[in-house]
Each structure stands twice: as C-alpha cells, then as structure tokens.
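[1] fold the stuff below for me.
(2 chains)
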Number of protein chains: 2
Amino acid sequence: MSAQTDAPESTNGAGGAVGGIDLGGTKIEAIITDRSHRVLGSARHPTPTSGGPADVANAMAAALTEAAKAAQLEPAQLGGVGVGSPGTIDSDAGTVAHADNLPGWLAPFPLAAALHSALGTRIVLGNDVAVATTAEFELGAGRPYDSLLGVFWGTGIGGGLVLDGKLWRGRGAAGEIGHTVIRQGGRRCPCGRRGCLEAYAGRAAMEAHARRMHDHGAGTKLFELAAEHNRDRLTSGIWERALEHGDKVATRLIDRAVTALGAGVASAVNLLDVEAVVIGGGLGVRFGEPYRVRIVDAMMPHLFNDTRPPAVHVASLGDLGGALGASLLVQ
Amino acid sequence: MSAQTDAPESTNGAGGAVGGIDLGGTKIEAIITDRSHRVLGSARHPTPTSGGPADVANAMAAALTEAAKAAQLEPAQLGGVGVGSPGTIDSDAGTVAHADNLPGWLAPFPLAAALHSALGTRIVLGNDVAVATTAEFELGAGRPYDSLLGVFWGTGIGGGLVLDGKLWRGRGAAGEIGHTVIRQGGRRCPCGRRGCLEAYAGRAAMEAHARRMHDHGAGTKLFELAAEHNRDRLTSGIWERALEHGDKVATRLIDRAVTALGAGVASAVNLLDVEAVVIGGGLGVRFGEPYRVRIVDAMMPHLFNDTRPPAVHVASLGDLGGALGASLLVQ
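    Numbers count the residues shown, from 1 in each chain, chains lettered A, B, ... in the order given. Now for the predicted structure:
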C-alpha cells in the first residue's frame, strides 16, 4: 500500500486506486486507476465463447488481477471494482441476466458475489453502455455538453443518453438505439426482430451475413484474415484489414452499416435534439475520424433540423472508455 | 367582468378566464377556459388554405372572438391568449417561421403582434405539439406518469416528450418523431426526405398518395366522400367514413400507417423507455380506442423490452388538448 492510504482524504485503498472492468461480447478490458482517473495498469482478455457465466467471471477476475499486477497492487488493496456489463443488471442484488452476447447467460447470475469471492474487494455492477456514456460525458468527448447521445458500434449497437447533465435510464432499459427500426420488414436482427439498426450495423450480424455470403461462394478474405490472426471471430481489426485489402464483401457490409447508422442516429437526434453525438464501441473507435465523417454524411439526409446538426465526435477515451466508466462506479 | 375579478387571488381578467388557440394544418380550435380549466366557450374554423400568415392570423382572431362570445366575454377581458403553433416559434420575439403546412408561411411572421392588435390582450406563443403534450401530462391521460411520449397523428406526425416530469425540448426542436426513418430509401415525405414515418402515416402524405392512386385508376370513394361533405381535404372524418364503407384504398393506406406508427413509436420507446405513450392528433383522437389497440399490436414486434411495454393511451382531452395546452401558457 502506498503512503497515501493513510492520508485523511483517502476513502479507498492503495492511494485511492480502484478497478474497472468492461465486459464486452468480444473482450474483457480491465484497468486500475488512481483518483485522478489515470490508468495505473490494464489487461485485456478475450471473452469466453463457450461455458457459462462462471467461466466469464473467472476470465474477468483473471484480467483484473493481471491489471492490478501491472499497477503493482493486489486486487484486495483496491477501493473497489466497478463492472460495466451487458444484459439486465440488478445492481442491488449484484446479478446479471439475459446477457445475450455471452455464453449461456440467461438466468440471473450473482456476478458481484463471484467477483468479490475471487478478488476480495467490493464490486459494483452497472450497465456497460451507461458507464461508457458517463465516462465520455465526465472525462471524454462529451465534456462540453449538457445533452448527448452515445452510440457504441461494436458486437451490437448500444446507446446511452445524457439529458440535462444526467444519465437518462427511463424505467431502467433506455438506450436501445440498436433496435431502432430502420427498415420495416427488413433483415432479421440477432435479437430476433426485423429491420433493426443492429441487424445492419452490429458486428455479430455483419459476421453472420458475411459467413452466409462466403458459404454461397462470395469471394472474401475476411475469414482467412481471421484465421491468419488467430481470431475465431471477425474482430474490429479484421474488418479494418479486410477494408484495407479492398475486400468487396467487407466493403459492402460496412458501407451498409454506415448508411444504417446514419438513419438510426438521425432518427434519435430528430426525436431528442441533443447537443452532441459521441461514437464509441470497438468498431467506432477502431475506424475513428474518417468513419465519423462518413456517419455524419449518412445522417444529414435524414436530419430534420439540418441547418443545425449536433456536434459529432469519436469517443475520446477510446477502447478504455467502458473500463474507465466502470471505475467511476466505485469512486 | 365578473365579480371574481376583484377577488385577491385573481391575477387574470374576467374571473381568471383565458383563451387558448390550437393552430392546426386543417383547423383552428379556439377555447375560453376558467382557472379550473373548464371550457366556457369554443369555436372551430377551417385553416385558410391560401393567402398568407396575415390571413391565418385573421382566421385565428375570428375563432377566438367567437369562442369568447360563446363564453359571454370580450377578448380584451381575458387574462391572455395562448397559442399552440406549428413551425419555428420564437416566444420572446412573438414570431412564427417555417410553418410548412400553412399557406405561404416561411419567413418569420409577427403572430403575437397581429393577434394582440386584433384581440387586445396579451398573447403567448408556444409549439403546438409541446403544448398538447403538456396538456395531456397535466390534465389528461398522462397525469399518472413522470415520463411520456405524446404522438400526434394528424396532418403530420408530431411528437412531444415529458421526461422526469418536465417537457424535453432539446435545443428547441426535439420531438420530430414523424421524421424517424422507418424505411431507408422509402417513400418521399412531405418534408422532402425519404422513408420518414410521416411519409406513411401523416394525413397530408396519405392524401397525396390516395390522389395518385385515384389518378391511376384505383377505385376509391375518398374524394367523392370529401366532395359530398364539402371538404377540400381528406379530413379525419372522411378517412373514417371511407373505412366504414370498406374503401380498399383507404383501408390499405390506413393499415400501412398503423404499421409505420408501430415501428416508429417502438423505436422511440426502445431509446427512451418512457412509462407511457399518449396518442392524440386529429386521426388519433378520431380513431380512438380500436386504433390504440392496433398501434400497440404493431409496436409489439419491434419493442425490445417486450415483457414490459409502456402504457399506451388515447389522448383523453380529445380535440381540445391543443387549445387547452395553449391556454396553460397564460395561466
């Protein structure tokens, strides 16, 4: 423990250090931060694709322990660990249910208890998109604004809303911009519904579509590239490489994703007239500024108030936004 | 003036009586209310379809004067008149611009000054949809809730939001649910964009579509019915009669409007997770409960959180909601 631990202003252990874990459909990002939100250590593990919630919890604990080690701390020395999780979160009960992009995770699983047992520090659960939105609002690209829409373009498409300086949760389930209907009767979404934005722009949906095109003989290097890089999924990096190779299937699917994002985000802006849109998520951060410009171009034809569009930014906290937001839960 | 005028609690003229005018694309509804929001008199005039803003202002003044007469009052005795107007409202300047469904109303027109000159009482301007939403929230079907989405199904499709007990205006232009993209690359909307909800469900768009179908030989009684009832437009009542006659064109267009409303409203609910949806507007109120049920049925397949749908109500203030909401501006 550092000397700061004894300082009167310290409410946390190890000089105010806390942990944050972002549980994604593809990867688990764990960080240790100090009270100024500086990252003291980090680790990234792939999210298990088989097994069940207990296996995912083990992988999370391993990632956090590795991040703590990089910060020369033991997990038990931390002031706590915040977790941003997909699915239905019950923060009071410490459970997560219906985490659809994770293996075998339907019934409520006591994630807080499992992590507490493994890490020996207090655990606070939050919604992954809500914590990432809060992070961008408090520490990132959203700082200048009172109202913003966070759009997290990754395995799925998540949305977070800050209205009048406060996170808007509705009855607890707000932000499902990925399930905006952009094409009535359109493609089947991983959620089972038709025509959702996520059916066109979510990485999981795009991978399934690319697989079908590949199986039907469409020429694409996407799966070869994944195999070369030892990936069993089409990660954001694989999509980026395929685009750099001029892969036709990848180009077509990503073009369509951008068009879909333009329509879905414009619809949300038409309804809410927020000051700013922040684009994050694995694909959003990986593709960065050139795709921010493309998404704005795709929004404009659908923006009702097109003389006064909102500011649109790439998430400035990058890949760490989710984990940073999670760490705010225990600070 | 009534005796109450001298009572200490009276801040308005004529026993607290005020006026409210709802300026719609089809009709002007004017009412006089007392401080308990009881309607003392009302009048309805058709909205001029030619001329310009000054002609519309004259028609508004005439309607309000008639309503005041029914309440045995002079307009100048009122504590004020609130106006719910479409277009871009500058309440401080007392102007309205870009009222697209009204004749020749592009540049800012000093509506407050014109009405003040004609009526001799103070005039307060507000957005038509915002005042109608506030009326349902404070006096109507929205009273039990802290968050609601008002959907006004009429000439266009307007949206109003109450979040955490307060009207949400964004940067001043929130609520454009009519321009939610429900079908990328779809039908041209009266706003000029493609695939908007309003392109499928707005009365103006449906009339234009019916006209084209009629011109191309589709059998429909819509225009005959309008002529029989001395209407130069397809009012909500004309659509209702055509449906009662089993008119195929009317049935097809209204079916499609309901499907489109289901998708658009579900998308908004997925994003905001409000407690309730209130369906108003000329068509919404005219079609009432059976269509509320149909819109809910059309929403359900697109609702992400479908085990806990929001409450959905028909606007309980009916046709008078807009004018009642306008009257709240001066109470």
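
[2] tell me what angle the helix ranked longest in chain A forms with helix B:248-272.
    Secondary structure of chain A per DSSP state H: the longest helix is helix A:248-272. Counting by axes from the mean of the first three to the mean of the last three C-alpha atoms, to 10 degrees, helix A:248-272 lies at 90 degrees to helix B:248-272.

[3] after helix A:248-272, next one along is what?
    Downstream of helix A:248-272, the first helix or strand assigned by DSSP states H and E is strand A:276-280.

[4] same for the very next helix or strand once past that next one, what does it pack against?
    Scanning forward in sequence from strand A:276-280 by DSSP H and E, the next helix or strand is helix A:281-299. On a contact count with 3 or more C-beta pairs under 8 Å, 6 or more residues apart in numbering or on different chains; DSSP states H and E, helix A:281-299 meets strand A:148-153, helix A:236-244, helix A:248-272, strand A:276-280, strand A:311-314. Every residue, glycine included, has its C-beta placed from N, CA and C.

[5] out of the ones you listed, which gets nearest to residue B:214?
    The closest of those to residue B:214 is helix A:248-272. By C-beta to C-beta, the value is 31.1 Å.

[6] and the closest one, average pLDDT?
    Averaging pLDDT along helix A:248-272 gives 98.

[7] just checking, what packs against the longest helix of chain A?
    Secondary elements touching helix A:248-272 (3+ C-beta pairs under 8 Å, 6+ apart): strand A:148-153, strand A:157-163, helix A:197-201, helix A:203-215, helix A:236-244, helix A:281-299, strand B:157-163, helix B:248-272.

[8] now distance to residue A:259 and mean neighbour count too, for those, in TSV please.
    What follows is the helices and strands packed on helix A:248-272, written out as TSV (distance: least, C-beta to C-beta, whole Å; neighbours: other C-beta atoms under 10 Å in any protein chain shown):
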stretch	distance to residue A:259	mean neighbour count
strand A:148-153	13	30
strand A:157-163	14	27
helix A:197-201	8	29
helix A:203-215	13	18
helix A:236-244	15	19
helix A:281-299	5	19
strand B:157-163	23	27
helix B:248-272	17	24
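
[9] and of the ones you listed, who's closest to residue B:188?
    Per C-beta to C-beta, nearest to residue B:188 of the helices and strands packed on helix A:248-272: helix B:248-272, 14.2 Å.

[10] got the angle between the closest one and helix B:203-215?
    Using the same axes, to 10 degrees: helix B:248-272 against helix B:203-215 is 150 degrees.

[11] chain center to helix B:248-272, what's the gap?
    18 Å (C-alpha atoms, centre = their mean, to the nearest Å).

[12] also stretch A:21-41?
    With C-alpha atoms, centre = their mean as the basis, stretch A:21-41 stands 12 Å off its chain's centre.

[13] go on, stretch A:106-115?
    Centroid separation between stretch A:106-115 and its chain, computed with C-alpha atoms, centre = their mean, is 20 Å.

[14] what sits up against it?
    Outside stretch A:106-115, the residues that touch it by C-beta atoms under 8 Å, 6 or more residues apart in numbering or on different chains are A:52-54, A:57, A:60-61, A:64, A:81, A:83, A:85, A:88, A:90, A:93-98, A:123-125.

[15] just the buried residues from those, in PyMOL please.
    Buried residues within the contacts of stretch A:106-115, by 16 or more other C-beta atoms under 10 Å in any protein chain shown, are selected in PyMOL with:
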select buried, chain A and resi 53+57+60+61+64+81+83+85+88+94+95+96+97+123+124+125
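
[16] among the contacts of stretch A:106-115, which are in helices?
    Members of the contacts of stretch A:106-115 lying in helices (criterion: DSSP H): A:53-54, A:57, A:60-61, A:64.

[17] rewinding a little: any chance of the helices and strands packed on helix A:248-272 in TSV, with distance to residue B:30 too?
    Shown next, in TSV, are these (distance: least, C-beta to C-beta, whole Å):
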stretch	distance to residue B:30
strand A:148-153	39
strand A:157-163	34
helix A:197-201	43
helix A:203-215	52
helix A:236-244	58
helix A:281-299	39
strand B:157-163	19
helix B:248-272	29
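
[18] of these, which approaches residue B:40 most closely?
    Using C-beta to C-beta, the helices and strands packed on helix A:248-272 put strand B:157-163 closest to residue B:40, at 25.8 Å.

[19] other SSEs contacting the closest one?
    Checking 3+ C-beta pairs under 8 Å, 6+ apart, strand B:157-163 ends up next to helix A:248-272, helix B:128-139, strand B:148-153, helix B:197-201, helix B:248-272.

[20] redo that, cut-off 7 Å
    On a contact count with 3 or more C-beta pairs under 7 Å, 6 or more residues apart in numbering or on different chains; DSSP states H and E, strand B:157-163 meets helix B:128-139, strand B:148-153, helix B:197-201.

[21] contact partners for the residue minimising distance to the centre of chain A?
    Centroid-nearest residue in chain A, with C-alpha atoms, centre = their mean: residue A:281, separated by 4.7 Å. Residues near residue A:281 by C-beta atoms under 7 Å, 6 or more residues apart in numbering or on different chains: A:152-154.

[22] residue A:184 and residue A:196 touch, don't they?
    No - applying C-beta atoms under 7 Å as the test, residue A:184 and residue A:196 come out as separate, 10.8 Å apart.

[23] more neighbours: which of those two?
    Set residue A:184 next to residue A:196 and count neighbours by other C-beta atoms under 10 Å in any protein chain shown: residue A:196 wins out with 33 against 21.

[24] ok, the more buried one to chain B distance?
    Using C-beta to the nearest C-beta, to the nearest Å, residue A:196 is found at 8 Å from chain B.

[25] residue A:278 now?
    Taken as C-beta to the nearest C-beta, the span from residue A:278 to chain B is 15 Å.

[26] count the residues that sit near that residue.
    31.

[27] and what of residue A:117?
    12.

[28] swap in residue A:304?
    Residue A:304, neighbours per other C-beta under 10 Å, totals 21.
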